[in-house]
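In: 3D model of this:
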Amino acid sequence: MKDKKIIGIIDIAKNGHAYLIREDEDDLFIHKKRLFNALNGDTVSVGLITAEKGKDSEVQGSVSEIKIRKQTEFSGIIDINKEKGFSFVRTAGGKMPVDFYVPLEQLNGAKDGDVVVVKLHRWYKKDKSPRGNVIRVLGKSETHETEMGAIMFKHNIDYSFPEDVMKEAEAIPVEIPENDILKRRDMRNDLTLTIDPDSAKDFDDAISFKKLDNGNYEVGVHIADVTHYIRPGSPLDKEALDRATSVYLVDRCIPMLPERLSNGICSLRPNEDKLTFSVIFEITSEGVIVKHNFKKTVINSDARFSYEQAQEVIVAAKSGVQLTAIQGLKAPQEAFECIPVLNDIAKKVRAKRFKNGAVSFHRKEPQFILDDNNVPVDVFFHESADAHELIEEYMLLANKYVATYAHGLTKPYVYRTHDLPNQDKLQELSVFVNQFGYTFNTGGNTEQTKESLNEMLKEAQGSGEEAMISTLSIRSMSKAVYSTQIIGHYGLGFKHYSHFTSPIRRYPDVIAHRLLWQYVQGKNGDISKLRDNCEHCSDMENRAAKAQRESIKYKQCEYLSKRIGEKFKGIISSVTDFGVFVEIIENGCDGLLTKDSFNNENIHVDVENFCMNNFNNGDSYRLGDEVMIQVNKVNMGRKQIDFKILLN
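Out: I've put the predicted structure just below:
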């Protein structure tokens, strides 16, 4: 067994141990002592060994050779010791469990405490730390711009665009030639509006509304016609594909397209003629789709509503009041009148979607209020309201009907797929929620499992454990990806689903637009790199999500660093072998409650049973328990928050 060598990719866990990821085979455990200088993401050759595990033994891996280094440049905080003649760059821990040794002559102008980029120079097996040299100074640690810059560097996210891309973008005219308008359905006189976040600048989508003579409604879902402006294979197109998605950090958007396009030419701003690719529905008041078609169009939005403004109209209508004006908003009366009707139809469409098997997740996202210096002064949960769900339902309809059309032609397309969840994870979820008195049946078929899951999520709404149960339910699901394969979307309950509605910020939507337009014209689209592009876009989406989460974590740390000693009510969100994590109920900030924080030696963590026991007083702290905690300390460098429990 020792002579057998296998190749795979290293995935390092927070505790320093790792797994070898192999295609079509189970992951192989590797003890941190047997990594032999391999780093996260490296492609390695591994030998198999038999290792003792308690009373039993198991096959584990031992790294014998590093084939490919995934990464050779890392960011961290530098500690300079001039007396001893060397320095160390402290990385953020986690998946990078070692620090870098840097000779003083390789500092490149860095000062003690700076955040720097260090390049791996060499790392002999006998050395505890790799040797590196500073190639870039990002700035003083624990400052906003430096930390955001470090996150962008870590995930290879660049705010600036290459010169040839900017030159191409600048050459695109703002004015739409009359000849382009004549080739399209002119819908500039149709009542049209956008509903977006108050801070939004890139308006991908708009909705038009018209009552038909037969009593039905024509609802147009109009999407920015980005593909009219970016030519396949051009520098602008290549850069958009390389980025694949816009990235949203707490304080900024790093756009997929230059702002001249994303916030200007393509953005469906009010009172401006805009080119769009539209899915136009005839729909009844009961939410039944009578017919639909796909058209290249030109629109002129009559009004730009924020979510809050649209919600104000909806709430007033529920009370029997028809708003005709909102302070600071310029919109025709017809726009105020159509929103409640659109909302009523959307609710009926939504109800049918859940009846047909969609999963009802209620995941809350933390929102920050930053002052002029980008310091967080408040953190709160963003609550999804009718106005958000209104827009969501019409976008889902468009995405569904586009994908269904492509499937009907039996031609290759880019689908957004969501596979069936892992049965073991569902079983773990069932065991977990049972502790709170909820039942979740995993023994039936797919539809029965969905129905049971929805009932459980509905029952948990409004409870203290709702957010945690929803989060754990999402974690039990498979990840949604872009694919040429048609396996459906489990979470939405759709057999066919694509992403069509956000080409300003998602490249898969650009691909979807190009292929759909070719198919509508009876032509064949370019599918030569379709599968590779789907995989790339999925990877870039995952990268963007990680960067966003890290920016949120940093701002949570910064927020609580100013609140040392303050008390909060929290929920135990996970149990590890070194303590429990607690999530503050009011804002979602999470931190660690270590065994040491209890100041006694009779603390035992029972990971298998999701609890931590205090044998001094008989107390038990279980996953999902509500506890009072105090902010004890915050390590900004490590992005770690430590809590102290407040005993009764």
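
In: show me the shaky parts of the stretch 51-200 of the chain.
Out: The stretch 51-200 of the chain contains residues with pLDDT under 70 at 53-56, 92-94.

In: just the chain next, same as before
Out: 1-4, 53-56, 92-94, 362-363, 464, 599-601, 615-618, 648.

In: phi and psi next, for the residue nearest the centre of it.
Out: Relative to the mean C-alpha position of the chain, the nearest C-alpha, by C-alpha atoms, centre = their mean, is the one of residue 545, at 3.7 Å. When read as degrees, to the nearest 10, the backbone of residue 545 gives phi -60, psi -40.

In: what about it, distance to residue 199?
Out: Counting by C-beta to C-beta, to the nearest Å, the gap from residue 545 to residue 199 is 20 Å. For glycine as for every other residue, the C-beta is placed from the backbone atoms N, C-alpha and C.

In: cool, and residue 76?
Out: Distance from residue 76 to residue 199, by C-beta to C-beta: 32 Å.

In: out of these two, which sits in the more crowded spot?
Out: A direct count of neighbours by other C-beta atoms under 10 Å for residue 76 and residue 199 places residue 76 higher, at 25 against 7.

In: so that one sits in a strand?
Out: Yes: secondary structure of residue 76 (DSSP: H, G, I helix; E, B strand; the rest coil): part of a strand.

In: tell me what it is bridged to.
Out: Under DSSP bridges, the beta-bridge partners of residue 76 are residue 116.

In: show me the contacts for it.
Out: Taking C-beta atoms under 8 Å, 6 or more residues apart in numbering, we find residue 76 in contact with 89, 90, 91, 92, 99, 100, 115, 116, 118.

In: and the helices in the stretch 1-150 of the chain, which stretches?
Out: Taking DSSP state H, counting those that start in this stretch to define them, one finds helices in the stretch 1-150 of the chain at 144-154.

In: the strands in it, which residues?
Out: 5-12, 18-21, 28-30, 43-53, 56-68, 73-81, 86-90, 100-103, 114-122, 131-140 (DSSP state E, counting those that start in this stretch).

In: with the stretch 151-300 of the chain instead?
Out: 185-186, 191-196, 205-211, 217-224, 247-248, 253-254, 273-283, 289-300.

In: identify the residues contacting the first one?
Out: Just to be clear, that refers to strand 185-186. 278, 295, 296, 297, 298.

In: out of these, which are buried?
Out: 278, 296, 297, 298 (16 or more other C-beta atoms under 10 Å).

In: I figured the second one hits residue 280, correct?
Out: No: if you go by C-beta atoms under 8 Å, residue 296 and residue 280 don't touch, sitting 11.2 Å apart.

In: ok, the closest residue in space to residue 420 that isn't next to it in sequence to residue 335 distance?
Out: Distance criterion C-beta to C-beta, 6 or more residues apart in numbering; nearest residue to residue 420, sequence neighbours excluded, is residue 490 at 5.7 Å. With distances taken as C-beta to C-beta, residue 490 is found 36 Å from residue 335.

In: make TSV out of the strands of the stretch 1-150 of the chain and add distance to residue 249.
Out: Below are the strands of the stretch 1-150 of the chain laid out as TSV (distance: least, C-beta to C-beta, whole Å):
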stretch	distance to residue 249
strand 5-12	24
strand 18-21	28
strand 28-30	33
strand 43-53	30
strand 56-68	29
strand 73-81	15
strand 86-90	23
strand 100-103	26
strand 114-122	16
strand 131-140	15
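
In: which stretch among those comes nearest residue 259?
Out: Closest of these to residue 259 is strand 131-140, at 23.5 Å (criterion: C-beta to C-beta).

In: contacts for that closest one, please.
Out: 73-75, 78, 89, 100-103, 106-110, 113-123, 145-146, 149-150, 153.

In: mind listing what's buried in that strand?
Out: Buried-residue list, strand 131-140, by 16+ other C-beta under 10 Å: 131, 132, 133, 134, 136, 137, 138.

In: tell me the angle of it relative to strand 73-81?
Out: Orientation check (axes from the mean of the first three to the mean of the last three C-alpha atoms, to 10 degrees): strand 131-140 against strand 73-81 gives 90 degrees.

In: dump the C-alpha coordinates for strand 131-140 into CSV.
Out: Presented in CSV, the C-alpha positions along strand 131-140 are these (Å, rounded to 0.1, in the frame of the first residue of the first chain):
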residue,chain,number,x,y,z
ARG,A,131,11.1,31.8,2.9
GLY,A,132,9.7,34.8,0.9
ASN,A,133,10.3,38.3,-0.1
VAL,A,134,7.9,41.3,0.0
ILE,A,135,6.8,42.3,-3.5
ARG,A,136,4.1,44.8,-2.6
VAL,A,137,3.0,46.9,0.3
LEU,A,138,-0.8,47.2,0.6
GLY,A,139,-0.8,49.7,3.5
LYS,A,140,-1.2,50.0,7.2
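
In: distance of residue 352 from residue 289?
Out: 10 Å.

In: hang on, I meant residue 478
Out: Applying C-beta to C-beta to residue 478 and residue 289 gives a distance of 28 Å.

In: again, but for residue 171
Out: 41 Å.

In: and the helices in the stretch 251-400 of the chain?
Out: Going by DSSP H, counting those that start in this stretch, the stretch 251-400 of the chain shows helices at 259, 307-318, 333-355, 386-408.

In: among these, which is the most enclosed?
Out: Among the helices of the stretch 251-400 of the chain, helix 386-408 has the highest mean neighbour count (mean count of other C-beta atoms under 10 Å), at a mean of 21.

In: picking that back up, higher neighbour count, residue 171 and residue 289?
Out: The residue with more neighbours, out of residue 171 and residue 289, is residue 289; 14 against 9, by other C-beta under 10 Å.

In: follow-up on the earlier one: now flag whichever of the buried residues of strand 131-140 is closest to residue 636.
Out: Closest to residue 636, out of all of the buried residues of strand 131-140 and judged by C-beta to C-beta, is residue 138, at 14.6 Å.

In: which of the strands of the stretch 1-150 of the chain sits closest to residue 417?
Out: strand 18-21 (20.7 Å).

In: spatially nearest residue to residue 5 (excluding sequence neighbours)?
Out: Here the residue nearest residue 5, using C-beta to C-beta, 6+ apart, is residue 45, at 5.0 Å.

In: next, the contact list for the one you found, please.
Out: If you count contacts by C-beta under 8 Å, 6+ apart, then residue 45 has 5, 6, 7, 63, 64, 65, 67 around it.

In: drop anything exposed from those.
Out: If we count by 16+ other C-beta under 10 Å, the contacts of residue 45 have these buried: residue 63.

In: between the contacts of residue 45, which is nearest residue 376?
Out: Nearest member of these to residue 376, counting by C-beta to C-beta, is residue 63, at 41.1 Å.

In: surely that closest one and residue 36 touch.
Out: Yes: with contact defined as C-beta under 8 Å, residue 63 reaches residue 36; the gap is 4.6 Å.

In: can you give me the neighbour number for residue 156?
Out: 11.

In: how close does it sit to residue 544?
Out: Distance from residue 156 to residue 544, by C-beta to C-beta: 11 Å.

In: ditto for residue 46
Out: Residue 46 is 31 Å from residue 544, by C-beta to C-beta.

In: give me phi/psi at the residue sitting furthest away from the middle of the chain?
Out: Largest separation from the mean C-alpha position in the chain: residue 83, at 45.3 Å (C-alpha atoms, centre = their mean). The phi/psi pair for residue 83 (degrees, to the nearest 10) reads phi -60, psi -40.

In: do residue 375 as well
Out: According to degrees, to the nearest 10, residue 375 has phi -90, psi 130.

In: go ahead and confirm it touches residue 558.
Out: Yes: between residue 375 and residue 558 there is a contact under C-beta under 8 Å: 6.8 Å.

In: so the two - more neighbours on which side?
Out: Comparing residue 375 with residue 558 by neighbour count (other C-beta under 10 Å), the higher total belongs to residue 558, at 22 against 14.

In: which one is the more buried one nearest to, not counting chain neighbours?
Out: residue 376 (5.8 Å).
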